[in-house]
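Enquirer: turn this into a model:
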Amino acid sequence: MRIVVLLGGESEERDVSLASGCQVADALREAGHDVAALDPAAGALTREDEAKILAEGVGILPPGTSSADAAPDHSSASDGAKLVDYKEGGPPGGGFALEDLRGAAADVVFPALHGGMGEDGTLQALLDLGGITYAGSGMLGSGLAMNKDVTKRLLWDAGVPTPDWLVNPSADEAGERLGLPPIPKPGAGGPSGRLY
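Expert: Numbering: from 1, shown residues only. All right, here's what the predicted structure looks like:
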């Protein structure tokens, strides 16, 4: 099966996504699948790029860039993925378009993007609109799950045990209702990002 793994991206959880996405790509290859790794912020990754990410750790910039504004070199697209060269215009910061996924002739896309548009239903909506098959939750499920208050309310209403929570409480209210120390967290951030 031909699979495109989407990894990296531009969210604050880029490093987690790069690491997990490379591991997903490796596991799928070991299972006998034809896999291409595609970073929405940088384009296709070669297997050498993937190995470097896993060997040297991950950073905040896409592979091959020296600054946040630099466009990466897509000349060595991995595994035959057809990419559009955006150096002379196109999506900000390089990136990819739905045409890149169509050009890669994938049977399925595996989103390994963490946080932001890769996790909040935006990517899933774009893939749905493009008629591209993907693994995982759809737009609605992803969007609802990303909003912690909505998710907690749905779980609570369904009888699933969940710790008590407050939305935008004062420090005194949080201490009185939840005990100390409370753990404040943005309502729509990813699971590992921005924990205070």
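Enquirer: just want the most central residue of the protein.
Expert: Nearest to the mean C-alpha position of the chain, by C-alpha atoms, centre = their mean, lies Leu113 at 1.3 Å.
Enquirer: which strands or helices does the helix-or-strand element of the chain with minimal mean pLDDT pack on?
Expert: Counting by mean pLDDT, DSSP states H and E, the chain has its least confident helix or strand at helix 98-103, which shows a mean of 72. Using 3 or more C-beta pairs under 8 Å, 6 or more residues apart in numbering; DSSP states H and E, the elements in contact with helix 98-103 are helix 122-129. C-beta here means a position set from N, CA and C on the backbone, and glycine is covered the same way.
Enquirer: show residues contacting the very next helix or strand once past the helix it packs on.
Expert: Counting by DSSP states H and E, the element after helix 122-129 in chain order, helix or strand, is helix 139-146. For helix 139-146, the external contacting residues (C-beta atoms under 8 Å, 6 or more residues apart in numbering) are 119-125, 128, 136-137, 150-151, 154, 188, 190.
Enquirer: what about the strands in the chain?
Expert: For the chain, the strands defined by DSSP state E occupy 2-6, 34-39, 43-45, 108-111.
Enquirer: what comes up buried for the third one?
Expert: Think strand 43-45. 43-45 (16 or more other C-beta atoms under 10 Å).
Enquirer: pairing partners for that strand, with directions?
Expert: Sheet pairing here is set by DSSP bridges, and for strand 43-45 it gives strand 34-39 (antiparallel).
Enquirer: and the angle from the strand it pairs with to strand 2-6?
Expert: Put simply, strand 34-39 runs at 20 degrees to strand 2-6, going by axes from the mean of the first three to the mean of the last three C-alpha atoms, to 10 degrees.
Enquirer: now do strand 34-39, average pLDDT.
Expert: Mean pLDDT, strand 34-39: 91.
Enquirer: helices along this protein, start to end?
Expert: For the chain, the helices defined by DSSP state H occupy 14-30, 47-56, 98-103, 122-129, 139-146, 148-157, 171-178.
Enquirer: what are the buried residues along the shortest one?
Expert: Of the residues in helix 98-103, 100-101, 103 count as buried by neighbour count, 16+ other C-beta under 10 Å.
Enquirer: which residues of this protein score low on pLDDT?
Expert: Scanning the chain for pLDDT under 70 picks out the ranges 56-97, 189-196.
Enquirer: domain parsing for this structure?
Expert: Using automatic domain parsing, the domain ranges for the chain come out as 2-144, 148-196.
Enquirer: quick one, which of the helices of the chain is nearest to Val4?
Expert: helix 98-103 (6.0 Å; C-beta to C-beta).
Enquirer: and that closest one, how far out from the chain middle?
Expert: 17 Å (C-alpha atoms, centre = their mean, to the nearest Å).
Enquirer: pull out the buried members of the contacts of helix 139-146.
Expert: By 16+ other C-beta under 10 Å, those give 119-125, 190 as buried.
Enquirer: please identify the deepest-packed of the domains of the chain.
Expert: domain 2-144 (a mean of 18; mean count of other C-beta atoms under 10 Å).
Enquirer: okay then, goodbye and thanks.
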